[in-house]
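> Make a model of this:
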Amino acid sequence: MSGLSEGTALVIVIFVTFLWGSWFQAVKHTGRYPIYAFINWLYLFSLAIVWGSIALLQKQMVPNGVFNEIANDIPRALLVLFCGAMYAIGMQMLLMVVGRMGLILSTSVSATCSILMGMLISSLFGGLPEGLSFLRVLTAALFLILATIICQYSGVMRDKNVGMKEKPVVKTRKKDVLLLLFISVFLSPFYFLATSVGLRSELRPNGFSALTCMGILSIGAFIGTGIYSSIRLTREKKWHIFLHPGESRLLILGMAFIAAFCHFGGNVLHAIAAPVVSVVVATVAGNLYSMWSYVWGLAYGEYKGAAKKTYVVLFLGVVMFIMGVLIISIKT
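So this is what the prediction gives:
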């Protein structure tokens, strides 16, 4: 369908996990600028990047035209649009909860749910390709969950090694955990649903091309995040901060553009490669993005001063990530 070999498509999926695991780093450089305002710029730039790609590549990749594809299947387009809005709202809420709970605890909940929900939804709606059993998909997912837990434990060990303390437990912790579960189970999986139902593949021949699907999804994401951000900005009376970031304007917009390129640029590449290796394989393998967060942690010196045992545990977690991807990607 795309002219890619399965091997090349898998390499693209793995590269996309690097992009996905990297854009969160931009949030570290936004200072006191509200996260929900920053994400609004991110999805605005995402919209521009995706539709700019459509303008440049439509003739080669969508011979029938993006708007013709949409017009021929309005119900599917509306579903993908809705998925984009819900997915973006979930992302907004997730970043706010992470800010209160801390990365280690929040990831232990969100990553586990994301891997399981992604596996279930892509298997159910995207279908399993010939030669790939549900048991193997489940085994790969369990390896990725175990990898996440091991890497998180290495973070706890690192904190003890260097004398750092986890953020103090606050009264809202239980509410935040419940909110995180809600986001991970009911909002974040909308991306998996959009790609499973929206993308054209051998198992879903009536789906959209990658550019059409991502074009619709980016519009939905911009609408969803715009609604959420508008409510927060109005409630907290921070529209002036959103519109006038002050001296940090170039930094905020620059970080938002880089994050958008990694986030939705990665989504476009993932959508192109997913039908080749199968949506379920691309979805499960896509969870390798969690590993890159720890690689970035090493690059930022977050493990500086940690004991050798901590590095060994982190390395074991990385190996488990790689094994999970190999289990689902190697043909038997």
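> Contacts only, for residue 45.
Residue 45 makes contact with 256-257, 259-261 under the criterion Cβ atoms under 8 Å, 6 or more residues apart in numbering. C-beta: built from backbone N, CA, C; applies to glycine.
> Pick the one among those residues closest to residue 278.
Distances from residue 278 to these, taken as Cβ to Cβ, are shortest for residue 261 (26.1 Å).
> residue contacts, that closest one?
19, 45, 49.
> about what we covered before: considering the contacts of residue 45, which is situated nearest to residue 290?
Among the contacts of residue 45, and counting by Cβ to Cβ, the member closest to residue 290 is residue 259, at 17.1 Å.
> on that earlier part again, tell me which two in the contacts of residue 45 are the farthest apart.
Maximum pairwise distance in these, criterion Cβ to Cβ, is 9.8 Å, between 256 and 261.
> mean confidence score for the helix or strand where residue 227 lies?
Residue 227 is located in helix 210-235, with elements delineated by DSSP states H and E. Helix 210-235 carries an average pLDDT of 95.
> And it, what's buried?
If you call a residue buried by 16 or more other Cβ atoms under 10 Å, then helix 210-235 has these buried ones: 210-225, 228-229, 232-233.
> Pipe the contacts of residue 261 into a markdown table and attach pLDDT and secondary structure per row.
A markdown table is the format used below for the contacts of residue 261 (pLDDT from 0 to 100; DSSP: H, G, I helix; E, B strand; the rest coil):
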| residue | pLDDT | secondary structure |
| --- | --- | --- |
| 19 | 95 | helix |
| 45 | 97 | helix |
| 49 | 96 | helix |
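> Kindly reformat the residues you listed as JSON lines and extend each row with distance to residue 8.
Listed next are those as JSON lines, based on distance: Cβ to Cβ, whole Å:
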{"residue": "19", "distance to residue 8": "17"}
{"residue": "45", "distance to residue 8": "28"}
{"residue": "49", "distance to residue 8": "22"}
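> Is residue 131 in a helix, a strand, or coil?
Put simply, residue 131 is coil when judged by DSSP: H, G, I helix; E, B strand; the rest coil.
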